[in-house]
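J.: got a predicted structure plus its sequence, pasted below:
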Amino acid sequence: MRLRRHGDHWLLIGGPVPPGADAITILSVVSIRGAAAHDEHLLRHEQEHVRQWRRLGTAGFLVRYARWYVGWRVRGYDHWGAYRRIPLEVEAEWAARTDCRDTSSAEGHTPLI
């Protein structure tokens, strides 16, 4: 494992990641599989999660994330279907696909939530 600074957050390369995922963000630490460490799209996605954690706070992020995930599961979606519908994931994916500015700044960003 290697820990290195990446803009305004930390990358833990080779750190723990849930099965089926390439990265996970907790607060300002992005734990990412070594094979995915140079995936710019994924890094932008996770950078958006860093911004979300900061904007919403720990409790705010976790409550929203869990509430939406459980809500979609109750509606009959499988794990990946529920995950893809979580507004925080939709927002992070949108940012990863459209964000061409400096990812260390949240200026000009309009959150979906």
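T.: Structure received. Residues are numbered from 1 along each chain as shown.

J.: which strands or helices does the longest helix anywhere in the chain pack on?
T.: Scanning the chain for the longest helix, with DSSP state H as the assignment, gives helix 40-74. Identification of packing neighbours for helix 40-74 by 3 or more C-beta pairs under 8 Å, 6 or more residues apart in numbering; DSSP states H and E yields strand 23-26, strand 29-32, helix 79-85, helix 87-98. (Glycine included, C-beta is placed from N, CA and C.)

J.: ok, which of those comes nearest Arg51?
T.: Taking C-beta to C-beta as the measure, the helices and strands packed on helix 40-74 were each checked against Arg51, and helix 87-98 came out nearest at 8.1 Å.

J.: how about the closest one: buried residues?
T.: Leu88, Glu89, Glu91, Ala92, Ala95, Ala96 (16 or more other C-beta atoms under 10 Å).

J.: what average pLDDT does that helix get?
T.: The average pLDDT within helix 87-98 is 96.

J.: just stretch 59-79 next, same as before
T.: Per-residue scores along stretch 59-79 average to 98.

J.: list the residues that contact Asp39.
T.: For Asp39, the contact set (C-beta atoms under 8 Å, 6 or more residues apart in numbering) comprises Asp22.

J.: and the longest helix of the chain with helix 87-98, angle?
T.: Calculated by axes from the mean of the first three to the mean of the last three C-alpha atoms, to 10 degrees, helix 40-74 forms an angle of 150 degrees with helix 87-98.

J.: report the buried residues of helix 40-74.
T.: Residues 42-53, 56, 61, 64-65, 68-69, 72 are the ones in helix 40-74 that count as buried (16+ other C-beta under 10 Å).

J.: over to stretch 72-88?
T.: Of the residues in stretch 72-88, those with enough neighbours to count as buried (16+ other C-beta under 10 Å) are Trp72, Ala82, Tyr83, Ile86, Leu88.
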